[in-house]
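Engineer: quick one, structure for this:
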Amino acid sequence: MLSKKVQEALNQQVNAEFFAAYLYYGMRAYLEEQALTGMAHWMKCQWLEETGHANKIFEYIHERGGQAELKPLKEVTTQYESPLAVFQAAYEHETKVTDMINKLVDLATAEKDHATVNFLQYYVAEQVEEEASADAIVQKLKMVSDGRGGLFMLDRELGQRPFGLPANIAGGETE
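Structural biologist: Predicted structure coming up:
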């Protein structure tokens, strides 16, 4: 059985994961408008991954005898200055999610909820991958700067990401 504190925190995380999915779809809208379909595809994969994270936590809450609660999502922007600004925002968001996950682990540890600590280890590892992936794209975008050829190549690379696989896997091979 989940403590009330842990249940509330897990519910906040469910909503945060759904918000992340919504945020990535807003980013996708901008990238589609810019005809960067590969980058838009990458964001669609992120959307799918984030909804999967939300669903996994939602199911865990119920498995532990809790009640999931869904809150309204905040509005997200679909306007950015550049593809670099999009991926910088994605990276910044992932660092916030990492902080949220770490605080969840701290709470579950304080509540002596070992099952939840164990459950959250997936998310701890996942956030390392999420931050590294977004940061790698930011660094590549900085390298290509305003070079159209480099932007085209990066867009093409990001379009190869298979659905349902973590962000650090492209073309079926790990980086």
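Engineer: number of residues surrounding residue 66?
Structural biologist: 19 (other Cβ atoms under 10 Å). No exception for glycine: its C-beta is placed from N, CA and C like everyone else's.
Engineer: and what of the one 4 residues further on?
Structural biologist: Residue 70 is flanked by 11 other residues according to other Cβ under 10 Å.
Engineer: now residue 74
Structural biologist: For residue 74, using other Cβ under 10 Å, the count is 9.
Engineer: surely it meets residue 19?
Structural biologist: Yes. Between residue 74 and residue 19 there is a contact at 6.6 Å, judged by Cβ atoms under 8 Å.
Engineer: what segments of this structure are strands?
Structural biologist: Per DSSP state E, the chain carries strands over the ranges 169-170, 173-174.
Engineer: now do the contacts for residue 138.
Structural biologist: Contact analysis of residue 138 by Cβ atoms under 8 Å, 6 or more residues apart in numbering lists 84, 87, 88, 91.
Engineer: okay, now the spatially closest residue to it that is not a sequence neighbour: neighbour count?
Structural biologist: Once flanking residues are discounted, residue 138 sits nearest to residue 87: 4.9 Å by Cβ to Cβ, 6 or more residues apart in numbering. A count of neighbours around residue 87, defined by other Cβ under 10 Å, yields 28.
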